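Engineer: Coordinates only, no sequence provided:
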């Protein structure tokens, strides 16, 4: 089976469908949206490198915000973009450490809204403190 980049490696290699393959695909799409590049674009430093490998290299060198689409101002929404990159990385981990989509959504909400909560109409909502 040929991997398009959106398919979780464990499915592409073993042909087995595990519960978190959708999370992997989501992480790849998030990286594409942030960077404005497709998973298999070849304009990275190494021709054999894909978007996920490129993103990890930038992260390891502390320059993960360089992943952002060149049309965007890196200083605008830098905190939000860093959070989006973190969620993409969480989503593309090994299946044993990869969160379920419900956890990715919850983590994103907590990061986006802050960690302080308040009750409204019997429901608990998160808000920036």
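Structural biologist: Thanks, I have it. Small disclaimer: the values here were computed from a predicted structure and weren't measured.
Engineer: C-alpha from now on. contacts and neighbour counts both.
Structural biologist: Fine.
Engineer: now the helices for the protein?
Structural biologist: 9-14, 21-35, 51-60, 78-91, 101-113 (DSSP state H).
Engineer: For the residue nearest the centre of the chain, give me its contacts.
Structural biologist: What sits nearest the mean C-alpha location of the chain, by CA atoms, centre = their mean, is residue 88, with 0.9 Å. Contact analysis of residue 88 by CA atoms under 8 Å, 6 or more residues apart in numbering lists 26, 27, 28, 30, 31.
Engineer: rewinding a little: could I get the helices of the chain as a markdown table with distance to residue 67?
Structural biologist: Shown next, in a markdown table, are the helices of the chain (distance: least, CA to CA, whole Å):
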| stretch | distance to residue 67 |
| --- | --- |
| helix 9-14 | 22 |
| helix 21-35 | 5 |
| helix 51-60 | 6 |
| helix 78-91 | 9 |
| helix 101-113 | 19 |
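Engineer: Which of those has the highest mean neighbour count?
Structural biologist: helix 21-35 (a mean of 21; mean count of other CA atoms under 10 Å).
Engineer: other SSEs contacting it?
Structural biologist: Packing partners of helix 21-35 (3 or more CA pairs under 8 Å, 6 or more residues apart in numbering; DSSP states H and E): helix 51-60, helix 78-91, helix 101-113.
Engineer: ok so, going back, and the helices of the chain: which comes nearest residue 72?
Structural biologist: Taking CA to CA, helix 21-35 is the member of these nearest to residue 72, at 9.3 Å.
Engineer: what does the closest one contact?
Structural biologist: Helix 21-35 has contacts (CA under 8 Å, 6+ apart) with 5-8, 11, 38-39, 51-52, 55, 67-70, 81, 84-85, 87-93, 95, 98-101, 104.
Engineer: Pull the distance from it to the chain's centre.
Structural biologist: How far helix 21-35 lies from its chain's middle: 5 Å, per CA atoms, centre = their mean, to the nearest Å.
Engineer: Between helix 51-60 and that helix, find me the angle.
Structural biologist: Angle, helix 21-35 to helix 51-60, by axes from the mean of the first three to the mean of the last three CA atoms, to 10 degrees: 70 degrees.
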